[in-house]
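> After the sequence you'll find the predicted model.
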Amino acid sequence: MAKNTICLWFDRDAEAAARFYAETFPDSAVSAVHRAPSDYPSGKAGDVLTVEFTVAGVACLGLNGGPAFKHNEAFSFQIATDDQAETDRYWNAIVGNGGQESACSWCKDRWGISWQITPRVLIDALAAGGNEAKRAFDAMMTMGKIDVAAIEAARRG
C-alpha cells in the first residue's frame, strides 16, 4: 500500500465504484478486495469491507462504511484532458452512468464523488493571467462540460 492513500467512504458500493473507475480512466486498476472477517455495524462477515484501487495513478482505498457519511464537493478528482474528445469521453462516462452534471467542468458520479473534467487549454488560459485568463474564466462560468473550442476562442479574444 502507498504511504499516502485517499480513503473514500462508500455506503456499500466501493467495489463497483472502483471497477468503474478502473474501466474509465487510464492508469487505473483494482488491486485488492478485502472482506470483513466478522460482522460490523453496517455489514456482515464476508461482505466487501475495503477495496484497494488506483485512479489515474492515485492510490485509493474504498471503505464500505455504511450510510453514515455522504460525499460532497469539498473533495473531487480533477482529471486533465488533452482535447474535446477526451473531455467528452470522461464526462459522458460519469454522467451517463447515473451521475449528474454540474457547472464549470464539475460533475458527480452515481456514488456521489465529484469530478472536475478539465481540459488543459482551460488550465493554461487561467495560468496565463491578465485579460486572457479573465476571458477564459468568464466563458467557463457559463459552461457545465467545458467546450474546448469556446475556451480557445475566449483566449484569443
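Happy to help now that I have it.

> Not counting its neighbours along the chain, what's nearest the residue at the greatest distance from the centre of the chain?
Note on the chain: the largest C-alpha distance from the chain mean falls to residue 38, namely 31.4 Å (CA atoms, centre = their mean). Leaving aside its sequence neighbours, residue 38 sits nearest to residue 45 (CB to CB, 6 or more residues apart in numbering; 4.8 Å). Using the backbone N, CA and C atoms, a C-beta is placed for each residue, glycine as well.

> How many residues are close by the one you found?
By other CB atoms under 10 Å, 11 other residues sit near residue 45.

> Read off the pLDDT value for it.
At residue 45, the model reports a pLDDT of 98.

> I'd say the residue farthest from the centre of the chain and residue 47 touch.
No: using CB atoms under 8 Å as the test, residue 38 is too far from residue 47 to be in contact (10.3 Å).

> Now do the SS call for the residue farthest from the centre of the chain.
Here residue 38 is coil, with the state taken from DSSP: H, G, I helix; E, B strand; the rest coil.

> what about the strands in the protein?
Along the chain, the stretches classed as strands by DSSP state E are 6-10, 29-35, 48-55, 58-64, 76-81, 100-101, 106-108, 114-119.
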